[in-house]
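A.B. asks: Using only what follows, build the 3D model:
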Amino acid sequence: MFFDGIYGKVKLTETGTAYFDTLNPDQIIKFFDNLTKELTDAVTAVTSTRITTNYRFVIDTSNIESSSKQYLLSIRIDKPKSASERETTFIIGDLKAMIQNMNITVLASGSSSKYLEPLYGYPGGMRIPSIYSNLF
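C.D. replies: Next up, the predicted model:
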């Protein structure tokens, strides 16, 4: 497949954003590392190297009517390294469903994943062509 990896994003709740704002740079890295581990552990048959991050985050500006501040965090799903690994599109679907239904999944009890916004899920983002995968 030409596009095998994808950058997507998850959104923190208002409470999660308030907590995130209290973290120093080292704690932010630990938060991201915990989050990617919790997401990897939650999705069936995914190796620990498939769900990664570049530690980038931005304020969600999509709802200009809202006075609340919420962060969007960058989460990457890397391409499968072998034919036996699950396709990226299946992992995207699993993450989206698990986040949207997190009150009945293991994500609700994670130290970082508990702060994810269920209504946002994991919308697909920028697809990464295989020839450029080393640049991201």
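A.B. asks: Do a quick rundown of the strands in this structure.
C.D. replies: Secondary structure of the chain by DSSP state E: the strands cover 3-11, 51-52, 57-59, 71-77, 126-129.
A.B. asks: weakest of those strands by average pLDDT?
C.D. replies: Comparing mean pLDDT across the strands of the chain, the weakest is strand 126-129, with a mean of 47.
A.B. asks: Mind telling me which residue is nearest the centre of the chain?
C.D. replies: By C-alpha atoms, centre = their mean, the mean C-alpha position of the chain lies nearest to residue 75, the distance being 3.8 Å.
A.B. asks: residues contacting that one?
C.D. replies: Contacts for residue 75 (C-beta atoms under 8 Å, 6 or more residues apart in numbering) come out as 7-10, 35-36, 39, 51-53, 122. C-beta here means a position set from N, CA and C on the backbone, and glycine is covered the same way.
A.B. asks: 6 Å instead?
C.D. replies: Taking C-beta atoms under 6 Å, 6 or more residues apart in numbering, we find residue 75 in contact with 8, 10, 53.
A.B. asks: Confirm for me that the first one is in contact with residue 122.
C.D. replies: In other words, residue 8. Yes - Residue 8 is in contact with residue 122 according to C-beta atoms under 6 Å; the separation is 5.3 Å.
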